[in-house]
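>>> Sharing a model prediction with you, sequence too.
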Amino acid sequence: MAFDGQYFNLDVPRFLCDMIGTSVEWTMPGWDGGHRTELVLADVRKDEVLTWYKETPETINEIHSKVGYGKNYEALRASAAKVGQKFYNLQTFCDTRFAQAERKVYKNFILNYLASVTHFQEIAQNGKDEQRAYAGKFLSEMYKLVFVVTVLGLADLHAKVKEVSLFQQTVNTLPWEVTEKEAQFAHSFDVVYTKQLDFKDRDSVNEPLSPTDFPMLCAHQQEIETHGTFMGVALKTAPVHGRNFRKAFRSVCTTRLAKWCDLVLEHVIDRFLNSEVHAWCAVMAGCFDLRFLFQLPCKLPDEKAGQRYLSQEALIKETFVHWNGPAPQHSDGLLKAALDHHFKGKKWHFTTTDSRANLNVVSDVVDRLMSVESKFSFME
């Protein structure tokens with residue numbers, strides 16, 4: 001069973017067990033991983049140091065509120081056709097949605113950037129006083145190099161968060177698989193993304209960002225650093241950087257995006273590591289790879305292990321079978337052999353009177369699972 005934090009705060013698992021007449025020792029309530037990942041982003045958004053992380057999607061929401069419907073929406077689509085770009089659906093940020101929704105806010109905003117600038121430029125020239133006022137306000141923000149690079153970086157970084165979030169929500173994913181994915185996620189933020197974005201600490205500041213890790217930043221890095229433009233639109237830098245667009249670009253990466261990664265990592269550890277091993281991990285952090293530390297909670301003996309329906313030995317055996325045995329959707333041959341063994345070679349046959357068994361309907365989840373290649377094709 002998987003719940004959000006409020007379920008545990010209200011002791012719902014125990015009440016649920018009472019209702020269905022079972023003992024809490026025979027259940028395995030867990031705090032849903034996807035929900036905890038969203039809480040990590042919420043924690044980062046509340047941080048007073050990174051106010052820009054809260055303000056950036058709010059700015060995009062405000063811009064989209066003026067072109068999200070009616071004639072302005074039609075005019076924006078016309079602007080996209082005018083500049084020869086495909087138009088992407090406008091997305092608005094909502095803090096109750098999963099990471100993939102937030103990532104799409106930044107991604108689609110970037111993909112519609114030139115159309116949006118063209119649209120607001122026309123309004124600033126030909127619109128009424130009120131229209132010219134908000135168009136000028138939006139253009140002023142969209143011309144800022146720091147704003148553009150921030151949105152590009154958030155689009156790339158949220159793609160990483162989206163990946164782990166979707167994995168946590170995948171049907172038939174077992175706990176240790178999720179833990180391993182979360183460990184890889186934390187390790188990447190620790191030794192890959194932060195070190196690339198922090199140009200002050202890099203061995204060679206002339207090395208470009210990895211297009212694999214940062215596809216949207218890399219696609220526009222050269223144009224921004226060399227010409228000070230984005231999709232042909234001239235960008236403005238802070239006075240401290242003057243016309244040094246290269247310095248301005250890398251300053252945003254270092255002071256904003258790298259710090260965002262650091263804070264995400266900090267809250268990931270806080271949200272996903274058991275509190276009882278925090279101190280031990282802090283002591284050992286200098287001795288072991290972060291991926292090892294991150295997996296400690298699932299490897300250390302559970303103080304409540306005696307209350308669970310799986311003994312440590314049974315859990316190890318189940319893990320071994322999962323990692324080395326056939327997947328359930330590819331286990332027909334194994335099941336047949338087990339039944340033959342159970343009935344000592346006698347003929348066996350099962351029937352059902354449930355009408356649902358006659359429906360030849362397969363869900364998307366089953367289709368996806370069946371498309372996964374079997375590791376033991378000889379068992380099918």
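Arrived safely.
>>> From here on, just use CA atoms for contacts and neighbour counts.
OK.
>>> what's the burial count for residue 14?
17 (other Cα atoms under 10 Å).
>>> tell me which element it is part of?
Element membership for residue 14, per DSSP states H and E: helix 12-20.
>>> distance between that helix and the chain's centre?
31 Å (Cα atoms, centre = their mean, to the nearest Å).
>>> Output that helix in CSV with nothing but the alpha carbons.
Provided in CSV are the C-alpha atoms of helix 12-20 (Å, rounded to 0.1, in the frame of the first residue of the first chain):
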residue,chain,number,x,y,z
VAL,A,12,-4.9,6.0,8.2
PRO,A,13,-3.1,2.6,7.6
ARG,A,14,-4.1,1.4,11.1
PHE,A,15,-7.7,2.5,10.6
LEU,A,16,-7.8,0.8,7.2
CYS,A,17,-6.5,-2.4,8.7
ASP,A,18,-9.2,-2.2,11.4
MET,A,19,-11.9,-1.7,8.7
ILE,A,20,-10.9,-4.7,6.6
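>>> buried stuff in that helix?
13, 14 (16 or more other Cα atoms under 10 Å).
>>> same for the next helix or strand after it, what does it pack against?
Counting by DSSP H and E, the next helix or strand C-terminal to helix 12-20 is strand 30-31. On a contact count with 3 or more Cα pairs under 8 Å, 6 or more residues apart in numbering; DSSP states H and E, strand 30-31 meets strand 2-3.
>>> Please work out the average pLDDT along the helix or strand following the strand it packs on.
With elements assigned by DSSP H and E, the helix or strand that comes after strand 2-3 is helix 5-9. Averaging pLDDT along helix 5-9 yields 75.
>>> How far off centre is helix 5-9?
For helix 5-9, the distance to the chain centre is 22 Å (Cα atoms, centre = their mean).
>>> do the same with stretch 76-87
29 Å.
>>> Between the two ends of that stretch, what distance do you get?
In stretch 76-87, first residue to last residue: 9 Å (Cα to Cα, to the nearest Å).
>>> residues of it that come out buried?
So stretch 76-87, judged by 16+ other Cα under 10 Å, has buried residues 76, 77, 78, 79, 80, 85, 87.
>>> Kindly report the same for stretch 121-131.
So, applying 16+ other Cα under 10 Å, buried residues of stretch 121-131: 121, 123, 124, 131.
>>> Let's see which of the buried residues of stretch 76-87 end up in helices.
Per DSSP state H, helices hold the following members of the buried residues of stretch 76-87: 76, 77, 78, 79, 80.
>>> out of everything not next to it in sequence, what's closest to the fourth one?
Beyond its immediate neighbours in the sequence, the residue positioned closest to residue 79 (Cα to Cα, 6 or more residues apart in numbering) is residue 115, lying 5.2 Å away.
>>> Spell out, range by range, the strands that occur in the chain.
2-3, 30-31, 229-230, 233-234 (DSSP state E).
>>> Quick one: residues in contact with the third one.
The set of residues external to strand 229-230 that reach it, using Cα atoms under 8 Å, 6 or more residues apart in numbering, is 220, 223, 224, 235.
>>> Give me the residue ranges of the stretch 201-350 of the chain where confidence is low.
Applying pLDDT under 70 to the stretch 201-350 of the chain flags residues 201-207, 273-324.
>>> Can you show me the helices along it?
Applying DSSP state H, counting those that start in this stretch to the stretch 201-350 of the chain gives helices spanning 215-227, 245-252, 258-272, 278-284, 290-294, 296-299, 312-324, 332-342.
>>> hmm, who's touching the longest one?
Outside helix 258-272, the residues that touch it by Cα under 8 Å, 6+ apart are 36-37, 40-41, 43-44, 50, 186, 189-190, 193-195, 197-198, 294.
>>> Counting by contacts, list what the longest helix seen in the chain packs against.
Counting by DSSP H, the longest helix found in the chain is helix 145-168. Under the contact definition 3+ Cα pairs under 8 Å, 6+ apart, helix 145-168 sits against helix 33-46, helix 99-111, helix 175-188, helix 215-227, helix 245-252.
>>> Export the ones you listed to TSV and append columns for mean neighbour count and distance to residue 17.
Putting these into TSV (neighbours: other Cα atoms under 10 Å; distance: least, Cα to Cα, whole Å) gives the following:
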stretch	mean neighbour count	distance to residue 17
helix 33-46	20	22
helix 99-111	21	32
helix 175-188	18	21
helix 215-227	18	48
helix 245-252	20	51
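>>> For residue 231, grab the count of nearby residues.
12.
>>> actually residue 329, not the one I wrote
Neighbourhood size, residue 329 [other Cα under 10 Å]: 13.
>>> just checking, it touches residue 371?
No - counting by Cα atoms under 8 Å, residue 329 does not reach residue 371; the two are 9.6 Å apart.
>>> if we can go back for a sec, can I get the buried residues of stretch 76-87 in a markdown table with pLDDT and distance to residue 110?
Listed next are these as a markdown table, based on pLDDT from 0 to 100; distance: Cα to Cα, whole Å:
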| residue | pLDDT | distance to residue 110 |
| --- | --- | --- |
| 76 | 95 | 14 |
| 77 | 95 | 15 |
| 78 | 95 | 17 |
| 79 | 95 | 15 |
| 80 | 95 | 12 |
| 85 | 92 | 12 |
| 87 | 95 | 11 |
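>>> With that, I have no additional questions.
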